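Enquirer: Pasting the sequence and the predicted coordinates here, then a few questions.
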Number of protein chains: 2
Amino acid sequence: MHALIVFAHPEPKSFNGALKDAAIAALEGAGHTVALSDLYAMEFKAVADGGDFPQRTDAARLDYAGEQTAAHEGNSVAPDIAAEQAKLSAADLVIFQFPLWWYSVPAMLKGWLERVLSAGFAYGAGRLFDQAGLSGTRALLSFTTNGQESSYTEDGWHGPISDTLTPLHQGLRFVGFEPLKPFIAWNVHRCAAEERTAMIAAVTDRMAGIAQETPIPYPPMAAYDRRGLLIDPGD
Amino acid sequence: MHALIVFAHPEPKSFNGALKDAAIAALEGAGHTVALSDLYAMEFKAVADGGDFPQRTDAARLDYAGEQTAAHEGNSVAPDIAAEQAKLSAADLVIFQFPLWWYSVPAMLKGWLERVLSAGFAYGAGRLFDQAGLSGTRALLSFTTNGQESSYTEDGWHGPISDTLTPLHQGLRFVGFEPLKPFIAWNVHRCAAEERTAMIAAVTDRMAGIAQETPIPYPPMAAYDRRGLLIDPGD
């Protein structure tokens, strides 16, 4: 298996950095190969704008997705985006490693999603879900929280972690990724050192067997009608 | 009432731009005052990193929230962040106007949340929810979608729009904002021109009466114990 780790944390010495390093070591130890996109170290451009299109088709009015499609079809994708897309095309598994900020990914990683998972490359008319560009690629959200696990529950003040993850998994699913169960390192600022050691051991164990995991099941594109509604919603 | 509109779209001539202009006109027509943060026009820095702290307290290892707190307490907040915080402090209502991208706000706006709603200014130990920095400030998510309303339902392929909004409202609530019911302009790319005209009329109507609206109810901080769990979860 070939894995791509997309790492988004401004501090290399962070616990996110340690989790990323442990994942690389464990994947390589299991015989897999690993590529890394360290977005902060790369000073990745996080903002989607007209500057992303070396050959704009409409200079008067920016239709971002329309320009993405034209750039993909015209083979004029900006070099930094094309490089990430090439890494994605080579990957069987993509691991997103990040701190949970504002119940989502950091802006740095959000911008990567917007720019790299482009119309044309990652999705298009009739090319969603299992028919989309990343179909068959597994994806893992691996993240840290700044709160205890108990506070990310129905009665917790952060609400259920599943609520936080729903839009992120939905976005991954939209372009064909097959999301795996997330890896969550809880409360990393205030937990004991031995808990952090246990979390490093847990990510190491997880990576050793990740090729055998079954992704979270979702309906395929054929389950929906042209309006985007389930044809047979069942109960 | 004094409103702040935080606008995040790369194209001024977009429908998001038209909704923003209509909101400004309607608010001013109703006797309110309006400030604008046009993030793309401002070339707002969207990435949270060590460069946000002119007086870093720990140059060896970046603790972003820790540096935010130190900057707030030491009155050394970066000028672009301090300017946005001053606008927030003056506002009774904050309107976020944006296109829904990847089931969330654009990276540009996500970065604004990360950098501006800082530890120290917006929240801190014992200062969450109704006790937090933005307590008493109303917030409105006003956004466009690139899909029909029917596809953002339980049986729709995007899932319920309420699932998409939960983490965003939770983040606003965390720092004291009182979220109003969102304003959603559906399917703006493919709808008929008269539908867009009707949406402009709808945002105009909405703004005329927005001062009389009741925010979405959430439990106050006192409803939770020290572990972040509801003391009396009820049924």
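Expert: It's in. Residues are numbered from 1 along each chain as shown, chains lettered A, B, ... in the order given.

Enquirer: which residue of chain A sits farthest from its center?
Expert: Outermost residue of chain A with respect to the C-alpha centroid, by Cα atoms, centre = their mean, is A:Ala60; its distance is 32.5 Å.

Enquirer: That one belongs to a strand, doesn't it?
Expert: No - counting by DSSP: H, G, I helix; E, B strand; the rest coil, A:Ala60 is not part of a strand but coil.

Enquirer: helix, strand or coil for the spatially most central residue of chain A?
Expert: When Cα atoms, centre = their mean is applied to chain A, the residue found nearest the centroid is A:Phe96 (4.8 Å). Three-state assignment for A:Phe96 (three-state DSSP): strand.

Enquirer: and it, what pLDDT?
Expert: Predicted confidence (pLDDT) for A:Phe96: 98.

Enquirer: Who is it paired with across the strands?
Expert: A:Val6, A:Leu141 (DSSP bridges).

Enquirer: Contact partners for it?
Expert: If you count contacts by Cβ atoms under 8 Å, 6 or more residues apart in numbering or on different chains, A:Phe96 has them with A:6, A:8, A:105, A:109, A:139-143. C-beta coordinates here come from the backbone N, C-alpha and C atoms, glycine included.

Enquirer: measure it to A:Ala8 for me?
Expert: From A:Phe96 across to A:Ala8, the span is 8 Å (Cβ to Cβ, to the nearest Å).

Enquirer: what residues are shared contacts of these two?
Expert: By Cβ under 8 Å, 6+ apart, the residues touching both A:Phe96 and A:Ala8 are A:105, A:109.

Enquirer: Provide a list of residues in contact with A:Pro215.
Expert: A:138, A:178-180 are the contacts of A:Pro215 under Cβ under 8 Å, 6+ apart.

Enquirer: So what's the residue count around the closest residue to A:Pro233 other than its chain neighbours?
Expert: Among residues not flanking A:Pro233 along the chain, B:Asp155 sits closest, at 4.5 Å (Cβ to Cβ, 6 or more residues apart in numbering or on different chains). The local packing of B:Asp155 (other Cβ atoms under 10 Å in any protein chain shown) involves 19 other residues.

Enquirer: Save the contacts of A:Pro215 as JSON lines, and put in neighbour count and distance to chain B too.
Expert: JSON lines is the format used below for these (neighbours: other Cβ atoms under 10 Å in any protein chain shown; distance: Cβ to the nearest Cβ, whole Å):
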{"residue": "A:Arg138", "neighbour count": "22", "distance to chain B": "19"}
{"residue": "A:Glu178", "neighbour count": "20", "distance to chain B": "16"}
{"residue": "A:Pro179", "neighbour count": "19", "distance to chain B": "13"}
{"residue": "A:Leu180", "neighbour count": "20", "distance to chain B": "19"}
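
Enquirer: can you tell me the helix or strand for A:Pro217?
Expert: Using DSSP states H and E, A:Pro217 falls within no helix or strand.

Enquirer: coming back round to it: what's the spacing between the residue farthest from the centre of chain A and chain B?
Expert: 8 Å (Cβ to the nearest Cβ, to the nearest Å).

Enquirer: what's the pLDDT at that residue?
Expert: pLDDT, A:Ala60: 96.

Enquirer: Three-state assignment for A:Ile184, please.
Expert: What three-state DSSP gives for A:Ile184 is strand.

Enquirer: Pretty sure it sits against A:Thr145.
Expert: Yes - between A:Ile184 and A:Thr145 there is a contact under Cβ atoms under 8 Å: 6.6 Å.

Enquirer: Between the two, tell me which one has more neighbours.
Expert: For A:Ile184 versus A:Thr145, the count of surrounding residues by other Cβ under 10 Å is larger for A:Thr145: 21 against 18.

Enquirer: So among the contacts of A:Phe96, which ones count as buried?
Expert: Buried members of the contacts of A:Phe96, scored by 16 or more other Cβ atoms under 10 Å in any protein chain shown, are A:6, A:8, A:105, A:109, A:139-143.
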